[in-house]
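In: Let's see this in three dimensions:
(one chain, ligands or ions: 1)
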Amino acid sequence: MSTTENRAEFGSTLGFILSAAGSAVGLGNIWKFPGKAYACGGGAFLIIYLIIVAVVGTSVMMAEFTIGRKTHKNAVGAIRELNAKWSWVGGLGILTGFIILCYYCQVGGWAMYYIVGYITDVQTVWADPMAYFLGMLGANGFPLAALIWGLVFLFLTAFIISHGTAGIEKMSTILMPILFILLIGLMIRACTLPGADEGLGYMLHVDFSTINTTAILTALGQAFFSLSLGMGVMITYASYLSSDDNLVSNTAIVCTLDTLVALFAGFMIIPAVFATGIAPGMGGGFAFATLAGVFMAIPGGQFVGMLFYFLLFFAAITSSTSILEGTVSFLVEEKGMERKKTLVMVSIVLYIVGVLYTLSQAYMNIPGYWISINGIEVTIFGNMLEYLTDRLLLPLGAFLTTFFVGWIWGTNNSIDEATGYGRNKFALAKPYAFIVKYIDPIAIGAIIIAGMVFGMSIS
Ligand code: TRP
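Out: Below is the predicted model of the structure:
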């Protein structure tokens, strides 16, 4: 069970897949993905997204997995061991994770707010789903309840990190499959709502004129976010793997599961948007306001809704813990800080920025409260944080990771690790090497630069 450095290892391949998939499947799939697919033109966006996952996503994940298992270290330590000059790449990832967590914990809190809403006051939620969503965010005054739930979510994340993740990993072996099945069921129900065919048409109609730099950059950032790539989380996870585990099949399975969940969510929410007419702009309310229309149309919808938000909360917390673990283990292992103290300090800062995030969401949803910069509507602590992480820092992290593997550490070393030094097959080893060396850095680099040069519109 332990390696030379006394680090624990995953007890089984399944344990690893569930943990990596637990990190990957989260708010990104269910809260973010449908909104982006909707804003970026439906079908054409889906195709771009799938291509990006298949080519860039899998290769970046493999790159991170091989770095992690080779060194058995956290992201910074791992890269330092392979080449000391590059350890800052891991550090950049820690910063990115920190920014993501600020808003991630708030949205996790929204899911908890909705669990309570469905239990105690479902009539109000259903009477006017949009008003309920905006009310949560402070349209009628200070959003105290949402902020308290954000705090509870953050507290739970920190609590789990300080007490070990074994418990939630066990729970996720049961709850993640339930989420998977529930999503399929809800997707079928949403697609059969009267008026849903228009939404289905929207998702299946491929019109490449909707694809511009913004859409491609959005798809790229979304893929990294959804697959938990670009900030070393998968390096850290793979560092707990033993040399018997097959990185090739693990990569394929985690990428496939994560993408299926995103697609299910997309084909559940977008048809519902068309069927119910509840389209919450870009405030990210798709997983909240719109779905009321689906639950209302189901017998036992109150219970199903509650179950859905509970599973969403659970999916979110298996992701938030993966990010916080990265931040904390970096500060503890690399900076010699004390673990409990670090957790408290990090959480306080996270919460303060998170409060600003939720507060600016309220303004984003009230027309007239946007600040417009070059035609892009932003609120500093609102979508600005998401832009910074999804459109700049995650792609940058992935760019640097692939550049590092392709040109510094070397694709042969990475492939040796991927095959467990010849133990398992890697049929796509040659394409992988080519992609990591050329396609990934060039494509990701070009897209980041294009995004900066041509500017971006909202999505
Ligand atoms: N992938 C998670 C989601 O889709 C979020 C997440 C967890 C993440 N760990 C990450 C995003 C690391 C980027 C990097 O909700």
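
In: Okay, strands next: where are they in the stretch 101-250 of the chain?
Out: Counting by DSSP state E, counting those that start in this stretch, the stretch 101-250 of the chain has no strands at all.

In: For it, what lies in contact range of the ligand?
Out: Contact residues (C-beta under 6 Å from any ligand atom) of the stretch 101-250 of the chain with the ligand: F225, S226, S228, G230, M231, V233. Backbone N, C-alpha and C define where each C-beta goes, glycine included.

In: quick one: low-confidence ranges for the stretch 101-250 of the chain?
Out: Along the stretch 101-250 of the chain, no part satisfies pLDDT under 70.

In: Closest residue of it to the ligand?
Out: The ligand sits closest to S228 of the stretch 101-250 of the chain, with a gap of 3.5 Å, by C-beta to the nearest ligand atom.

In: pretty sure that residue is in contact with S23, am I right?
Out: Yes. Between S228 and S23 there is a contact at 4.6 Å, judged by C-beta atoms under 8 Å.

In: So the two - more neighbours on which side?
Out: Using other C-beta atoms under 10 Å as the criterion, S228 and S23 rank with S228 on top: 30 against 24.

In: Where do the strands of the stretch 351-459 of the chain begin and end?
Out: Using DSSP E, counting those that start in this stretch, strands in the stretch 351-459 of the chain cover 371-373, 376-378.

In: Which one of those strands has the poorest average confidence?
Out: Of all those, strand 371-373 carries the lowest average pLDDT, namely a mean of 55.

In: Are there residues contacting both of S228 and S23? Which ones?
Out: M234, S319, S322 (C-beta atoms under 8 Å, 6 or more residues apart in numbering).

In: any idea which of the residues you listed has the most stuff around it?
Out: Sorting the shared contacts of S228 and S23 by how many neighbours each has (other C-beta under 10 Å) puts M234 first, at 30 neighbours.

In: T58 is in contact with that one, correct?
Out: No. With contact defined as C-beta under 8 Å, M234 does not count as touching T58 (11.6 Å).

In: now K32: how far from the ligand?
Out: Applying C-beta to the nearest ligand atom, to the nearest Å, the value for K32 to the ligand is 7 Å.

In: and what of A398?
Out: Distance from A398 to the ligand, by C-beta to the nearest ligand atom: 10 Å.

In: Next: S12.
Out: As judged by C-beta to the nearest ligand atom, S12 and the ligand stand 22 Å apart.

In: Ok, A39 next?
Out: The value you get for A39 to the ligand, if C-beta to the nearest ligand atom is used, is 17 Å.

In: Can you get me a residue count around that residue?
Out: Neighbours of A39 under the rule other C-beta under 10 Å: 18.

In: do the same with M171
Out: For M171, the count of nearby residues is 14 (other C-beta under 10 Å).

In: sec struct for the spatially closest residue to it that is not a sequence neighbour, please.
Out: Spatial nearest neighbour of M171, chain neighbours left out: F314 (7.2 Å); criterion: C-beta to C-beta, 6 or more residues apart in numbering. The three-state label given to F314 by DSSP: H, G, I helix; E, B strand; the rest coil is helix.

In: right, and F314 touches L175 too?
Out: Yes. Counting by C-beta under 8 Å, L175 is a contact partner of F314 at 5.1 Å.

In: Not counting sequence-adjacent ones, nearest residue to Y351?
Out: Nearest residue to Y351, sequence neighbours excluded (C-beta to C-beta, 6+ apart): L154, at 5.7 Å.

In: quick one: contacts for the one you found?
Out: Counting by C-beta under 8 Å, 6+ apart, the residues that L154 touches are C105, G108, G109, S347, L350, Y351, G354.

In: follow-up on the earlier one: can you give me every residue that contacts the residue of the stretch 101-250 of the chain closest to the ligand?
Out: A20, S23, A24, M234, S319, S322.

In: change it to 10 Å
Out: Contacts for S228 (C-beta atoms under 10 Å, 6 or more residues apart in numbering) come out as 20-26, 28, 61, 64, 97, 100, 234, 237, 254, 258, 319, 322-323, 326, 394.

In: repeat for G77
Out: Going by C-beta under 10 Å, 6+ apart, G77 touches T71, S87, G90, I235, T236, S239, S329, F330, E333, E334.

In: Out of the residues you listed, list just those in strands.
Out: Among the contacts of G77, none falls in strands (DSSP state E).

In: Looking at these, which is nearest M130?
Out: T236 (39.5 Å; C-beta to C-beta).

In: Count the neighbours of that closest one for me.
Out: Neighbours of T236 (other C-beta under 10 Å): 26.

In: thought it was touching L324?
Out: No. Using C-beta atoms under 10 Å, T236 is not in contact with L324, being 11.5 Å away.

In: Surely the residue nearest to M171 touches G22?
Out: Yes. Counting by C-beta under 10 Å, F314 touches G22, with 9.0 Å between them.

In: Now do the shared contacts for those two.
Out: I168, M171, S172, L175, M176.

In: Got the confidence number for S457?
Out: 48.

In: Please apply the same query to I366.
Out: Per-residue pLDDT puts I366 at 52.

In: tell me the contacts of L307?
Out: Contacts of L307 by C-beta under 10 Å, 6+ apart are I115, Y118, I178, L179, L182, F295, G300.

In: my guess is D390 contacts L217, does it?
Out: Yes. D390 is within contact range of L217, at 8.5 Å (criterion: C-beta under 10 Å).

In: which residues are in contact with both of M234 and T58?
Out: L227, T251, V254.

In: Can you check those and name whichever has the most neighbours?
Out: The most crowded member of those, judged by other C-beta under 10 Å, is L227 (31 neighbours).

In: Tell me which residues touch that residue, please.
Out: Applying C-beta under 10 Å, 6+ apart to L227 gives the contacts 20, 23-25, 28-29, 53, 56-58, 60-61, 64, 233-234, 251, 254-255, 258-259, 262, 394, 398.

In: count of neighbours near the residue nearest to M171?
Out: When neighbours are counted by other C-beta under 10 Å, F314 registers 21.

In: Tell me who's in contact with it.
Out: Counting by C-beta under 10 Å, 6+ apart, F314 makes contact with G22, G26, G108, A111, I168, M171, S172, L175, M176, I178, L179.

In: Only the buried subset of those, as a ChimeraX command please.
Out: Buried subset of the contacts of F314, written as a ChimeraX selection, criterion 16 or more other C-beta atoms under 10 Å:
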select :22,26,108,111,168,172,175,176,179
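
In: Can you name the two of the contacts of F314 that sit furthest apart?
Out: Spanning the widest gap among the contacts of F314 are G108 and I178, at 18.4 Å by C-beta to C-beta.

In: check contacts around the spatially closest residue to D440 that is not a sequence neighbour.
Out: Leaving aside its sequence neighbours, D440 sits nearest to T402 (C-beta to C-beta, 6+ apart; 3.8 Å). Listed by C-beta under 10 Å, 6+ apart, the contact partners of T402 are 56, 59-60, 62-64, 230, 411, 414, 435-445.

In: give me the residue from the stretch 251-400 of the chain nearest the ligand.
Out: S319 (3.8 Å).

In: Quick check: that residue touching F153?
Out: No. S319 lies out of contact with F153 (C-beta under 10 Å); the separation is 11.4 Å.
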